[in-house]
Each structure stands twice: as C-alpha cells, then as structure tokens.
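> sequence plus the predicted model coming up.
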Amino acid sequence: SGKSDGEGAWGGARHANKLAAAGLAAFVASAPVCSVAMASEFDVLQAPVPETSYLVDDGGLLNKTSRKAVRDKLSDLEAKTGYHLNVVTMRKLQFTPDPFEFSDKVLEQWYPTVQEGDTKGVLLIVGSGKQGAISGGPAFLKAVGNGVLDSIISENIPILSGEEKFNEATLSSIKRISASLQGKEDPGPPVRREKRRQRTYKTKGETSTKRGNYTVIVGSLLFIAFVVPMLQFFAYTKEK
C-alpha cells in the first residue's frame, strides 16, 4: 500500500497478511460461537479480486441501484485512466478494528506485489463505526492526493454514514476520487447538517402570556361559581 516503499516491504506485508488470514481462519474454525464480524473479515480477505464488479458488499450496506452505479462508474474510470478502485463494505470490524489496517490487508492480499498494486486502490466503508479508509499503491495515492483522501475519510464517510446514508457516502467518495484521478475539479465534501436544538424552556414573554391567560380563566371560573348562582337566587326570590 502507500505505506510500503518497495518490493521488500510489500512482500513482508503480504507474508504477514497471509499469516494473519491463516490465523483468523484457524480461530474461526475453532470457535463455533465466534462473531459474524470475524467470519466476514476472513471472507473478504479470502474473496477473489472483484476485477469486473469492483465491489465486495460484505456489509450489505448498498442497495441494488448503488451496486450497479459502483460497477459502471469504476469500470468507466479504469477505462479512462488505468486506475482500478475496489469498494469493500463491512458491517463491523472486530478482528482488525483499525479500518486502515484492514484496508491495507485487503489491498496487499489482492495485489501481492508493488507492481500489481501500484495503480490499485481500496475504499472501505464500515457501517457500525460510521468510518472508513482508503488504501492504495504509490501511483494511486499520489494521483488522488492527500487533501482529497483526508477529506473523504474525515468528512464524506462520517457525515453521510452518520445519517445512515451509506449509498451516498460510497458514491460521493467515488466521485471525488474519480475527479482527482481524471484531473478534474474536486466536487468537495458534503455539508454537515447542524441539528437544531429544541428549546425546552419558556421565555419571559411566553410565561407572562400564559400567566395572563391563566388569570382570565380563573376569573371566569370564579364568576361562574359565585355570581351566576347569586343572579339565579335573586331571580327566584323575585318570582316568589
């Protein structure tokens, strides 16, 4: 990934990731009550490279329309630029809780050498933590740029995922990455919606108005309770 400086480092990371995947497989096999999250991480690491689908929606976060959009947009991107981006969604990370560490593992598992992974990238979206990561080869990361990468991780993914808009979080991230790889203007991050705090107290004016209404109501009740019976009494005695 972008953390590897050469064939040796990439190869070392690949070897470590294979050992980690093997260890995870053994753990899953020996623990019948292990979490689905752990099994899912192992499934993704062992999944074939999504060469034509560009997507492993293990978390089930995307709808049918978005899955097709991911495939179409990333296929078009690769045809135009030669860069290949894969999208991975997870419901939860448990065995490897750090999203960046897991996306690095996926990238290096799918593309074992620096030559294979140079123009490849992995966009990871994690549902439960409303977070994500982007890993890529040296050429991929340089072309996208640190500013866009950091903004996607700190704005697109958490803002939209925080609103449970996983489809939009994924597609808006792809849109920004694609624009950078094609040398186009960055569309920028989404605008964070400020939740309006509901006032739970009454203003002085509201309190005075309510107090005035209360006085009118009490006065009316007193009139009905005392004055009306007296008028009825006088009317009765006059008839007598």
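Structure received. Numbers count the residues shown, from 1 in each chain.
> what about the residue nearest to G60 when sequence neighbours are not counted, neighbour count?
In space, and not counting its chain neighbours, G60 is closest to R91: 6.9 Å by C-beta to C-beta, 6 or more residues apart in numbering. Using the backbone N, CA and C atoms, a C-beta is placed for each residue, glycine as well. For R91, the neighbour count with other C-beta atoms under 10 Å is 15.
> read off the pLDDT value for R91.
On pLDDT, R91 comes in at 95.
> how near is V44 to R67?
For V44, the distance to R67 (C-beta to C-beta, to the nearest Å) stands at 16 Å.
> neighbour count: those two, which is higher?
Neighbours per residue (other C-beta under 10 Å) separate V44 from R67, with V44 holding more: 21 against 18.
> you'd agree the more buried one is up against V56?
Yes - with contact defined as C-beta atoms under 8 Å, V44 reaches V56; the gap is 5.7 Å.
> hey, what's in contact with both of these two?
V88 (C-beta atoms under 8 Å, 6 or more residues apart in numbering).
> low-confidence ranges, the protein, go.
By pLDDT under 70, the low-scoring segments of the chain are 1-39, 194-240.
> circling back: surely the residue nearest to G60 and K130 touch.
No - contact criterion C-beta under 8 Å: R91 and K130 do not qualify, at 11.9 Å.
> what do the two both touch?
Joint contacts of R91 and K130 (C-beta under 8 Å, 6+ apart) do not exist.
> next one: phi and psi at P50?
Note on P50: backbone dihedrals following degrees, to the nearest 10 are phi -80, psi 70.
> swap that for V122, please
phi -130, psi 120.
> for it, give its distance to T65.
22 Å.
> so between these two, which is more surrounded?
Legend: neighbour count by other C-beta under 10 Å for V122 and T65, higher for V122 (27 against 10).
> do you know how far the more buried one is from S75?
From V122 across to S75, the span is 16 Å (C-beta to C-beta).
> how about A179?
Applying C-beta to C-beta, the value for A179 to S75 is 16 Å.
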